[in-house]
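1. I'd like to go over a predicted model; first the sequence, then the structure.
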Amino acid sequence: MLQTWYIGLKKLIFLNSLISVVFCTFSIVAFDPETGEIGSAGASCIANSIIISEIIPGIGAINTQSYYLSQNQNYASSLMIQNYSPQEIISFLEINDFQNNPSIRQYGIVSLNQNISSAGFTGENCSDWKGHLTGYNYSIQGNILIDNSILESMEASFTSTNGPLSFKLMAALQAAKVPGADYRCLDEGISSYSAFIRLAEPNDESQFTIDLNVNSVIPYYFNNGIWIDPIDSLQIAFDNYIFENFEYNKGDINQDLIIDILDIIIIVNIVLGQSTSGVQFLLSDINSDNIINIQDIIMIVNSILN
């Protein structure tokens with residue numbers, strides 16, 4: 001009887017979240033200055049958290065969260081197209097909030113307007129724990145968090161992960177995958193109910209290069225009686241996308257159809273700190289552990305010797 005009541009309550013929460021998206025708990029927007037890619041990722045203990053994400057290819061991105069309003073998101077997008085900087089957009093939103101209540105809003109913005117820049121905003125009446133962290137090319141923000149370690153872990157993972165922007169965004173989400181990252185999901189032992197990742201290349205028009213969304217894991221719980229973390233489900237979808245959309249022969253880093261000393265030189269330079277493109281990262285990560293290190297060098301040398 002108690003279990004039936006609990007499942008019924010979860011169904012009510014799920015249905016309500018479909019029609020009333022109030023919060024998004026933790027998210028990141030970021031820009032890759034080398035490729036021009038712009039990305040956004042996030043998760044929340046409600047369904048459909050992807051609604052907070054707005055990317056304008058070649059220009060910038062904004063995540064509009066905590067008592068989300070489409071009108072405020074539209075304000076921000078319009079200003080970004082008009083060449084406003086991230087901080088100018090936030091200043092406008094503070095003064096012109098659609099419901100005259102900016103104290104409950106949270107924003108993260110990156111933009112190429114007026115040079116590459118980022119800005120974050122957390123209203124004083126957002127639900128605790130709340131806050132944001134910004135860097136040269138990213139903004140990370142969250143509310144209703146279990147504590148400040150969630151954002152700090154996301155930032156550390158994003159800034160320390162090698163490879164393309166999409167890999168860095170997924171690494172940031174994985175760093176937040178702890179029970180109760182969104183405090184409302186603590187009892188279920190998962191970080192959130194929904195998660196997404198989006199990435200736009202400069203010339204994307206009708207659709208983004210990557211647009212993956214785990215809308216809700218609640219139906220899976222209804223059917224199987226087991227909670228799964230949506231970030232894990234998103235990781236599987238992301239890995240499948242990479243495998244299906246890139247043709248590559250690992251080890252042939254310069255893609256000349258031969259694995260030789262030239263490829264070793266490239267991978268050694270990457271290990272020593274040289275930046276790498278997304279494709280080169282995939283070709284260099286021989287053992288597929290998302291890290292390029294001495295193990296990959298040994299494996300590529302053995303491949304040549306054999």
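-> Yep, it's here.

2. ok now stretch 176-192, how far from the chain's centre?
-> Centroid separation for stretch 176-192 versus its chain: 17 Å, with Cα atoms, centre = their mean, to the nearest Å.

3. for stretch 183-191, how far is the first residue from the last?
-> One end of stretch 183-191 sits 8 Å from the other (Cα to Cα, to the nearest Å).

4. quick check: buried residues in it?
-> 183-185, 188, 190-191 (16 or more other Cβ atoms under 10 Å). Glycine gets a C-beta too; all of them are placed from N, C-alpha and C.

5. in helices, which of these fall?
-> Taking DSSP state H, every one of the buried residues of stretch 183-191 sits outside helices.

6. rebuild these as a markdown table, extending it with distance to A61.
-> A markdown table is the format used below for these (distance: Cβ to Cβ, whole Å):
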| residue | distance to A61 |
| --- | --- |
| Y183 | 26 |
| R184 | 26 |
| C185 | 25 |
| E188 | 30 |
| I190 | 26 |
| S191 | 22 |
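
7. dump those into a markdown table; add distance to S27 and pLDDT as well.
-> Putting these into a markdown table (distance: Cβ to Cβ, whole Å; pLDDT from 0 to 100) gives the following:
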| residue | distance to S27 | pLDDT |
| --- | --- | --- |
| Y183 | 16 | 92 |
| R184 | 16 | 92 |
| C185 | 15 | 92 |
| E188 | 20 | 93 |
| I190 | 17 | 95 |
| S191 | 13 | 95 |
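
8. what residue lies at the spatial centre of this protein?
-> By Cα atoms, centre = their mean, the chain has its centre lying nearest to A41, at 2.3 Å.

9. for the residue nearest to F208 when sequence neighbours are not counted, what are its contacts?
-> Closest residue in space to F208, ignoring its immediate chain neighbours: A200 at 4.6 Å, by Cβ to Cβ, 6 or more residues apart in numbering. Contacts of A200 were listed using Cβ atoms under 8 Å, 6 or more residues apart in numbering, and they are 37-39, 55-58, 61, 208-209.

10. list only buried entries from those residues.
-> Buried among those by 16+ other Cβ under 10 Å: 37-39, 55-57, 61, 208-209.
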